[in-house]
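Student: Sequence first, then the predicted structure, then my questions.
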Amino acid sequence: MNTDFTYSIKRIVFDEHYTPADNTRITTNFANLARGERRQENLRNAIKMINNRFNALASWDNPKLDRYSVELDIVHVDIDVDGSGKTFPTIEILQTTIVDHKTEQRIEGLVGNNFSSYVRDYDFSVRLLEHNRDKAQFSVPDDFGDLHGKMFQAFIHSNAYQQHFKKPPVICLSVSDNKTYHRTENQHPVLGVEYLPNESSLTEHYFKKMGLAVRYFMPPNSVAPLAFYFFADLLSDYSNLELISTISVMETFQKIYRPEIYNANAAAGECYQPSLQHQDHSLTRIVYDREERSRLAIEQGKFAEEKFIKPFQTLLEQWAANYA
């Protein structure tokens, strides 16, 4: 049995002219911005927010706070599981490039940032719902996330990934609104103050199966911690500019999509309970439909089930059983 999947990697520039590809998950952060009548204004404003935040965090030798700008590539990964040449869109991540206008250098930033996956949609919006249908108490299947986790790790360790990227990915998510976070004494000059959660979450378990650990930091002048998922050592494996590129991109997305948490008018205290019902927050000028996102996640999960999980079920089960 062939144990190696074939990957094809494409890049799409994310700028004010960006148009989502046909097989992009529409619920993905960057795709959401590029829809509707105000799509170009949305994109322009988001990019401006990213650049302003980057310069605010990288303020040394930057008196006018205009030294840097961030360029974004959407990295689209298709997978061929049976060697037939037919592919399925597995994940989309973002790669940052930092442009230093003072030295005229282009500095490779972090890959990862946002994380978009059809199979994750299937797991959370189809499989988990079916598993709990008509059950009095919520539970999670024992092998929940196993296939997705192994597929992700196989890609990260593949020749295709190594050829395109120098470092492992860092994925940055919002905090969970059903957990409490406690501030610690640990502080990093760029990532900010570290927080610890009161308990583990289903998302943490899911990402652990992808090989990723998590730490929570609230960057300087932020109002809530971000969740940073990583492979080895978040603090020593990446430069300050690389970390700033991730913070500036993902905090901007979260201010747009979760303003109640990330655009709140008061910062998180020593004991922090995030809430999407929090009223004391400011809105960005960028419009976003959260209800549509929930509905589309189910549609995307069913698409993955119909086009990928069911047609290749036997092959995928055999592959996962043999994958070390």
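Tutor: It's in.
Student: what helix or strand is the spatially closest residue to residue 53 that is not a sequence neighbour on?
Tutor: Leaving aside its sequence neighbours, residue 53 sits nearest to residue 248 (C-beta to C-beta, 6 or more residues apart in numbering; 4.0 Å). In this view, the C-beta of every residue, glycine as well, is placed from N, C-alpha and C. Using DSSP states H and E, residue 248 falls within helix 240-257.
Student: by contact count, what packs against that helix?
Tutor: Judged by 3 or more C-beta pairs under 8 Å, 6 or more residues apart in numbering; DSSP states H and E, helix 240-257 is in contact with helix 29-33, helix 39-57, strand 68-80, strand 88-100, strand 105-117, strand 170-174, strand 226-230, helix 259-262.
Student: do that again at 6 Å, thanks
Tutor: Where contact means 3 or more C-beta pairs under 6 Å, 6 or more residues apart in numbering; DSSP states H and E, helix 240-257 is packed against helix 39-57, strand 88-100, strand 105-117, strand 170-174.
Student: what angle sits between it and helix 39-57?
Tutor: Angle, helix 240-257 to helix 39-57, by axes from the mean of the first three to the mean of the last three C-alpha atoms, to 10 degrees: 140 degrees.
Student: Touching helix 240-257 from outside, list them.
Tutor: Helix 240-257 is contacted by residues 29, 46, 49-50, 53-54, 57-58, 70, 96, 98, 109-110, 113, 170, 172, 174, 190, 219, 262-263, 284, 286, 288 when judged by C-beta atoms under 6 Å, 6 or more residues apart in numbering.
Student: how about the CA coordinates for stretch 186-202, as CSV?
Tutor: Presented in CSV, the C-alpha positions along stretch 186-202 are these (Å, rounded to 0.1, in the frame of the first residue of the first chain):
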residue,chain,number,x,y,z
ASN,A,186,5.7,35.3,33.0
GLN,A,187,6.1,38.0,30.5
HIS,A,188,7.7,38.0,27.0
PRO,A,189,8.7,41.3,25.3
VAL,A,190,6.6,40.6,22.2
LEU,A,191,4.0,37.9,23.1
GLY,A,192,3.2,39.8,26.4
VAL,A,193,1.8,38.3,29.6
GLU,A,194,1.1,34.6,29.8
TYR,A,195,-2.2,33.3,30.9
LEU,A,196,-3.1,29.7,32.0
PRO,A,197,-6.5,28.1,31.4
ASN,A,198,-8.5,26.5,34.3
GLU,A,199,-9.1,23.4,32.2
SER,A,200,-8.3,21.8,28.9
SER,A,201,-10.7,22.1,25.9
LEU,A,202,-11.9,20.0,23.1
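Student: got the buried residues for that stretch?
Tutor: Neighbour counts over stretch 186-202 (16 or more other C-beta atoms under 10 Å) mark 188, 190, 191, 192, 193, 194, 195, 197 as buried.
Student: now do stretch 230-240
Tutor: In stretch 230-240, counting by 16+ other C-beta under 10 Å, buried: 230, 231, 234, 238.
Student: Can you tell me which of the residues you listed is nearest residue 324?
Tutor: Top of the list for closeness to residue 324, among these and by C-beta to C-beta, is residue 231 at 17.0 Å.
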